[in-house]
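Chemist: Below: sequence and its predicted model.
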Amino acid sequence: MTKDSAAAARRSPLGGRLARWEVLIAVLLVVSWMVAAGTVDGFGNGSNISFLLLDTTEIALMALAMTLLVVTAEIDLSVASTLGLTCAVLGTLWNAGLAIEAIMPLCLLVGALCGALNGLLVTRLGLPSLAVTIGTLALYRGLAYVLLGDQAVADFPPAYTGLATSSAGPIPYPIILVAVLAALVAVTLHATPLGRSIYAIGSNEEAAYFAGIRVKRIKFWLFVASGVFASVAGLAYTFRFASARGDNGFGLELVVVAAVLLGGVSIFGGRGALPGVLAAVLLLGVVRNALILADVPNEVLNFVTGLLLVTSVLAPNLLAALQRRRQPSYPLHPEPERSSAP
């Protein structure tokens, strides 16, 4: 790609729409925060802000890796089940008498294996990631119930449970971990050749393949990363609630997908940026926290999450269609004017 074509790509309507969508999400975040602070009792308290940020930890961790996958036009719906399986493995090994320092690397290995299975089925057998991860969503959750059943393990070391709930001022320590990992993912996606390859795969996989990009290898390792990040979220979830259960994180995959799509990442791949996703995670957290403080039933929370998920898919495409209709169309090869002379 020449310098002129690269500059033209940066000035393209697609990039402009993405920037405007991210700005819109940021504005919605600020507005929702102000409305909640002015209308919901206790929302602006320092303890509630700390709780709000802490409550977005697991969603943000899983959304980081999910962003990379969706940019390549793939998806991983098994992340919440991987989180639950990690919690179950943690509880089972802790009951067996292993030291917590030895258990945590094994939990990360479980996440890597879960992601590797998804990656192999998608990249080597050519199966669609949507179907594969719906299947492994049930598989991993079933394994979690096999390990723990309906029992809960709750006697974890106070040093770890305390760290998972403590904060530096209003900033919880787990959010600091999220910030560090988000910086690494942002640099990888937006400032490295790997990131450019990820965008190229999502834009046109066949063209990326013929350009020499290792499409299958990159996708495989992105699935592995998704599994590892889900396991990190599982560790944070277990220590935060001081409880390992087979149903930990049940249903969080929809919130993660909603955050990624609401943040401007195209479900068709090739478009999106991490700052928009992080803003969407906070927006969802603010909305859910405000509704919880207002004693709104859980069914309404699920309805709002589903509504935002549908909106995040429809709205960017509707805006793009409207912009295309407003642009004048010109014939590629206009006919020459006919001379009136005989």
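Modeler: That came through fine.

Chemist: From the contact counts, what lies against the helix or strand where Thr67 lies?
Modeler: Secondary structure assignment for Thr67, by DSSP states H and E: helix 57-71. The contact analysis (3 or more CB pairs under 8 Å, 6 or more residues apart in numbering; DSSP states H and E) places helix 57-71 against helix 79-95, helix 173-191, helix 193-203, helix 215-241, helix 252-262, helix 274-293. Every C-beta, even on glycine, is put in place using the N, C-alpha and C of the backbone.

Chemist: can you list these in a markdown table and add mean neighbour count, mean pLDDT and distance to Val23?
Modeler: As requested, the helices and strands packed on helix 57-71 are exported to a markdown table (neighbours: other CB atoms under 10 Å; pLDDT from 0 to 100; distance: least, CB to CB, whole Å):
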| stretch | mean neighbour count | mean pLDDT | distance to Val23 |
| --- | --- | --- | --- |
| helix 79-95 | 27 | 96 | 28 |
| helix 173-191 | 16 | 95 | 17 |
| helix 193-203 | 18 | 95 | 20 |
| helix 215-241 | 24 | 96 | 27 |
| helix 252-262 | 25 | 91 | 14 |
| helix 274-293 | 22 | 91 | 9 |
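
Chemist: Would you reformat those helices as CSV and include distance to Ile103?
Modeler: Shown next, in CSV, are the helices and strands packed on helix 57-71 (distance: least, CB to CB, whole Å):
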stretch, distance to Ile103
helix 79-95, 5
helix 173-191, 18
helix 193-203, 31
helix 215-241, 9
helix 252-262, 22
helix 274-293, 28
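
Chemist: residue contacts, Ala26?
Modeler: Ala279 (CB atoms under 8 Å, 6 or more residues apart in numbering).

Chemist: what's the spacing between it and Val35?
Modeler: Distance, Ala26 to Val35, by CB to CB, to the nearest Å: 15 Å.

Chemist: returning to that earlier point: so for Leu139, which of the helices and strands packed on helix 57-71 sits nearest?
Modeler: With CB to CB, the closest approach to Leu139 among the helices and strands packed on helix 57-71 belongs to helix 79-95: 7.6 Å.

Chemist: helices or strands up against the closest one?
Modeler: Looks like helix 79-95 contacts helix 57-71, helix 100-123, helix 129-148, helix 215-241, helix 252-262 (3+ CB pairs under 8 Å, 6+ apart).

Chemist: Would you check the distance separating the last one from the middle of the chain?
Modeler: When you say that, I think you mean helix 252-262. Centroid separation for helix 252-262 versus its chain: 6 Å, with CA atoms, centre = their mean, to the nearest Å.

Chemist: which outside residues touch that helix?
Modeler: So helix 252-262 is contacted by 25, 58-60, 62-63, 66-67, 70, 75, 77-81, 83, 137, 267, 272, 277, 280-281, 283-284, 305-306, 308-309, 311-313 (CB under 8 Å, 6+ apart).
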